[in-house]
Structure formats: C-alpha cells, structure tokens
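*Asks:* I'd like to go over a predicted model; first the sequence, then the structure.
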Amino acid sequence: MDKYVLGMVALRLMSGSAEIIAAYLMFRFNQIEKALLVNSGLALIGPIILISTTTIGLVGIADKLSPGKLLWITVGVCCLFIGILKK
C-alpha cells in the first residue's frame, strides 16, 4: 500500500474513533453542558485532520502535478483556510 494513502487512512481512522468516543462520552455524561464541551473538542480536531490529510495527499502527488495544477490546489486549500478561520 502507498505510504501516503496509509497515512491518510490512519488519520481518518483516528478521527472516526474520536467521533465515536465523543458520542459515547456524550451519552455517558447525559448532560447538555458536558456534551457541548465534548462537541467543542471535536470542532478543534476536525480542521486539524482535514488539513493534515490534505497535506499528506498533496505531498504524495506533488511530483505528478504540473505547476499550474499545484497552484490551483494551493488556491483551493487557501480558500478552505479562509472559510475555516474567518469569523
């Protein structure tokens, strides 16, 4: 298996596991305040996983892309950053 794909899969598995654990914790605590706290923690993890998996994928295909296509991908990732960080 390609090492870049394996890295992306591992990150997504960790992210999915965090989601399942968070759902369990919300169920277990059974309090809205604690559920919101757990959900807020997930809000921090989500963008980090997105950025990490995208970076691994881009590093994996960077040598196969023309400079123009790489520029368009960079512009798209910048748009994602703006969307995530814009208040």
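*Replies:* Nice, I can see it.
*Asks:* now the helix or strand hosting residue 83: buried residues?
*Replies:* Applying DSSP states H and E as the criterion places residue 83 in helix 67-85. Of the residues in helix 67-85, those buried by neighbour count under the rule 16 or more other C-beta atoms under 10 Å are residue 73. Backbone N, C-alpha and C define where each C-beta goes, glycine included.
*Asks:* could you pull up the mean pLDDT of that helix?
*Replies:* Rounded to a whole number, the mean pLDDT of helix 67-85 is 86.
*Asks:* extract the C-alpha set from that helix and format it as CSV.
*Replies:* Output for helix 67-85, consisting of C-alpha atoms alone and laid out as CSV, is shown next (Å, rounded to 0.1, in the frame of the first residue of the first chain):
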residue,chain,number,x,y,z
PRO,A,67,3.0,23.8,-11.5
GLY,A,68,-0.3,25.2,-12.8
LYS,A,69,-2.4,22.5,-11.2
LEU,A,70,-0.4,22.7,-8.0
LEU,A,71,-1.1,26.4,-7.9
TRP,A,72,-4.9,25.8,-8.3
ILE,A,73,-4.8,23.2,-5.5
THR,A,74,-2.9,25.7,-3.3
VAL,A,75,-5.6,28.4,-4.0
GLY,A,76,-8.3,25.9,-3.1
VAL,A,77,-6.6,25.0,0.2
CYS,A,78,-6.2,28.7,1.0
CYS,A,79,-9.9,29.1,0.4
LEU,A,80,-10.5,26.3,2.9
PHE,A,81,-8.3,28.1,5.4
ILE,A,82,-10.2,31.3,4.9
GLY,A,83,-13.5,29.6,5.3
ILE,A,84,-12.4,27.8,8.5
LEU,A,85,-10.7,30.7,10.2
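*Asks:* hmm, who's touching it?
*Replies:* 47, 50, 51, 54, 58, 62, 65 (C-beta atoms under 8 Å, 6 or more residues apart in numbering).
*Asks:* kind regards, and thank you for your time.
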